[in-house]
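Chemist: Below is the structure, and that's it, no one-letter string:
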């Protein structure tokens with residue numbers, strides 16, 4: 001069922017606007033882009049909350065990559081040629097991790113944050129890089145990792 005629904009999203013919703021949007025989200029929520037962006041941000045303004053987000057992103061990347069190798073689920077046959085395995089979705093996990101932090105720091109923008117994260121999740125299935133279960137697992141992992149870092153921030157930054 002998971003594979004069938006994922007294939008339906010991939011095959012029935014083709015649209016030039018979604019192609020461009022999904023391609024853009026693919027770049028912006030990749031670990032490499034976010035790592036570089038946060039690292040530059042840390043060098044410039046050295047805020048504690050940015051260190052927290054950076055450490056959470058590193059932890060998220062380590063957990064996601066480890067799970068990909070342990071579970072070794074192949075990517076959809078119709079999707080991209082990415083070399084790592086499919087489960088769970090790293091882009092989606094990154095997006096939900098950042099949405100959770102952003103919602104914590106700016107509660108008035110919570111709906112927008114999670115809307116964008118949901119677009120990232122959709123785009124991963126739309127591009128054929130992931131199955132629906134991959135993005136659900138990635139969303140859950142990103143959210144949980146962010147919540148752990150938010151609740152333990154006083155332990156991480158002992159004054």
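Modeler: It's in. Source: prediction; values computed, not measured.

Chemist: so which helix or strand takes in the nearest residue to residue 153 once chain neighbours are set aside?
Modeler: Leaving out its chain neighbours, the residue that sits closest to residue 153 by CB to CB, 6 or more residues apart in numbering is residue 52, at 5.6 Å. No exception for glycine: its C-beta is placed from N, CA and C like everyone else's. Take DSSP states H and E as the rule and residue 52 turns out to sit in helix 48-71.

Chemist: Likewise for residue 26?
Modeler: Judged by DSSP H and E, residue 26 forms part of helix 16-28.

Chemist: Likewise for residue 99?
Modeler: Following DSSP H and E, one finds residue 99 within helix 90-105.

Chemist: Would you mind pulling up the elements that that helix packs against?
Modeler: On a contact count with 3 or more CB pairs under 8 Å, 6 or more residues apart in numbering; DSSP states H and E, helix 90-105 meets helix 16-28, helix 31-45, helix 48-71, helix 110-126, helix 132-151.

Chemist: List the buried residues for it?
Modeler: 90-104 (16 or more other CB atoms under 10 Å).

Chemist: and which of these is nearest residue 156?
Modeler: residue 101 (13.4 Å; CB to CB).
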